[in-house]
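> Give me the fold of what follows.
(one chain, ligands or ions: 2)
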Amino acid sequence: MSTELVCQPIAGTWLSGLAKMMAENPEFAEAYDALLGAVRLARPDASGGSVLVTSAKPGEGKTTVSSCLAIAASLAGRRALLIDGDLRRLSLSAAVGSADTSGLIEVLLGQGSAADVIRPFSLTDPPSANVVSFMAGGRRSSASLAAVDWGQARSIFKAISQQFGIVVVDSPPVLAANDALLFASIVDSVVLVVGAGANISEVQRAKEQLEAIGARNIGAILNRFEPKLHGRSNQPYRGYYRRTRA
Ligand SMILES: Nc1ncnc2c1ncn2[C@@H]1O[C@H](COP(=O)(O)OP(=O)(O)OP(=O)(O)O)[C@@H](O)[C@H]1O
Ligand SMILES: [Mg+2]
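Numbers count the residues shown, from 1 in each chain. Ligands and ions are numbered 1, 2, ... in the order given. Modelled structure (predicted):
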């Protein structure tokens with residue numbers, strides 16, 4: 001199976017907007033570089049690392065974090081594949097304008113090839129060679145996950161992952177649906193996004209559910225932290241961050 005990208009990159013306003021924010025905010029960029037480093041350390045191979053981004057509850061920042069992680073990887077020179085694994089909301093697919101295309105679910109069901117559904121999205125507008133490859137969630141609903149042969153899906157997913165430097169999968173919340181646990185069983189590692197102010201016992205429950213299926217949870221990301229609201233900032237370190245992004 002080949003996922004060589006032969007089509008022209010599309011200007012993705014969601015992705016290019018986040019890339020622009022990252023370029024303008026060194027602390028933002030540094031935080032994602034640190035996350036990228038943690039994912040890399042969890043699997044030091046040169047390629048084939050896949051990470052599921054999930055959370056306990058809705059709205060904690062999974063879609064934003066998964067997009068930014070894929071962008072950071074691309075900016076660091078790695079071939080990055082971003083996958084919409086939230087088949088219930090398809091927020092990522094909608095954000096890049098691919099809500100009604102085949103994608104992950106068809107690939108996992110063996111009804112489509114990765115090469116046919118992966119599209120390159122430019123991180124700049126107008127488009128340039130700096131891209132994040134994207135796989136939409138797909139046309140079928142999450143109910144189709146019941147028909148997936150997960151042993152076969154794992155092999156398919158591994159073959160896709162080996163063609164990229166990093167594969168980042170967005171997902172629904174762990175406590176809301178079983179989907180994230182299913183996807184956790186086919187990726188190399190899992191990152192839990194925790195919105196500032198989240199209920200810690202719910203986060204703990206999500207962590208335990210991931211551990212129960214043997215997922216490799218490499219840590220949590222504290223998202224939407226407001227220094228004035230939630231505590232101290234990292235102001236004393238401000239001078240250490242690079243000023244602009246190349
Ligand atoms: N660090 C952040 N700072 C400010 N706003 C943020 C941050 N992270 C996410 N948001 C905003 O919070 C909202 C929810 O984020 P996002 O869609 O990424 O969460 P989610 O966990 O994917 O939600 P869902 O469970 O509904 O899929 C969005 O409007 C997003 O722009
Ligand atoms: Mg989301």
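> where along the chain do the strands fall?
In the chain, the segments counted as strands under DSSP state E are 10-11, 49-55, 80-84, 118-122, 131-135, 166-170, 189-195, 217-223.
> name the helices or strands packed onto the fifth one?
With contacts defined as 3 or more Cβ pairs under 8 Å, 6 or more residues apart in numbering; DSSP states H and E, the secondary structure elements packing on strand 131-135 are helix 62-75, strand 80-84, strand 118-122. (C-beta placed from N, C-alpha, C; glycine too.)
> One more: the second one?
The elements that strand 49-55 packs onto, with contact taken as 3+ Cβ pairs under 8 Å, 6+ apart, are helix 26-42, helix 62-75, helix 150-161, strand 166-170, helix 179-184, strand 189-195, helix 200-212.
> Does at least one residue of that strand sit close to ligand 2?
No - residues of strand 49-55 are not located near ligand 2 by Cβ under 5 Å from the ion, the shortest gap being 8.7 Å.
> quick one: that strand to helix 62-75, angle?
Angular relation of strand 49-55 and helix 62-75 on a 0 to 180 degree scale: 150 degrees, by axes from the mean of the first three to the mean of the last three Cα atoms, to 10 degrees.
> one step back: turn the helices and strands packed on strand 49-55 into a markdown table, including distance to Val107, mean pLDDT and mean neighbour count.
Listed next are the helices and strands packed on strand 49-55 as a markdown table, based on distance: least, Cβ to Cβ, whole Å; pLDDT from 0 to 100; neighbours: other Cβ atoms under 10 Å:
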| stretch | distance to Val107 | mean pLDDT | mean neighbour count |
| --- | --- | --- | --- |
| helix 26-42 | 22 | 89 | 17 |
| helix 62-75 | 18 | 96 | 25 |
| helix 150-161 | 6 | 94 | 16 |
| strand 166-170 | 12 | 96 | 28 |
| helix 179-184 | 12 | 97 | 23 |
| strand 189-195 | 20 | 95 | 23 |
| helix 200-212 | 23 | 96 | 15 |
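> what about the ones you listed, which gets the closest to Ala115?
helix 150-161 (9.4 Å; Cβ to Cβ).
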